[in-house]
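Colleague: Predicted structure and sequence below. I'll ask about it afterward.
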Amino acid sequence: MTKAEIVLTAWDKTLETRDFSHLSVFLSDDFQFEDTTGEVEDLTTTKSWCILGEIRIKNFKIIRENEDYIVATHDVVQDGKPRSNVMVYAEKANGKFIYWKIQRAFEM
C-alpha cells in the first residue's frame, strides 16, 4: 500500500468508526481542509464532520505521490445524495499533512 492509500484508508476508517484517532496521526495541528466551494476549515472543524459518520470513501486511485504531496481520486457514498467522485490534492510538511483540497463531482 502506498502512503496515499494508507492515509485515505485511515480517513475512511475514521468515517466508518467515528474515531478520529485513525486519521489524526497523519494531520498537523495547523491542518487546513478546503472543500469544493473554497471554504477552508481547521483541524477541529474537520474532525467534527468526520466523526458524524455520514459518508464513506472508496476506490482510491493514486495519480501522483511524493514526500511533499499526493494527488488522488476516490468515490464518495453519502446517504440521500447521488454518487460522487473526489479529486484530492494534499500537501505534507514534517511528515504530516498540512493542507487537503478536494474537488467533488456528483453523478448526473
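Modeller: Right, received. Where do you want to start?

Colleague: so how far is residue 76 from residue 57?
Modeller: 6 Å (CB to CB, to the nearest Å). To be clear about C-beta, it is placed using only N, CA and C from the backbone, and glycine gets the same treatment.

Colleague: Show me the common contact partners of those two, please.
Modeller: Common contact partners of residue 57 and residue 76 (CB atoms under 8 Å, 6 or more residues apart in numbering): residue 86.

Colleague: Using the three-state scheme, assign residue 6.
Modeller: The local conformation at residue 6, judged by DSSP: H, G, I helix; E, B strand; the rest coil, is helix.

Colleague: same deal with the one 3 residues further on?
Modeller: Secondary structure of residue 9, reduced to three states by three-state DSSP: helix.

Colleague: Tell me where this protein has helices.
Modeller: With DSSP state H as the criterion, the chain has helices at 3-17, 21-24, 43-50.

Colleague: Out of those helices, the one nearest residue 30 is which?
Modeller: Relative to residue 30, the nearest member of these by CB to CB is helix 43-50, separated by 7.4 Å.
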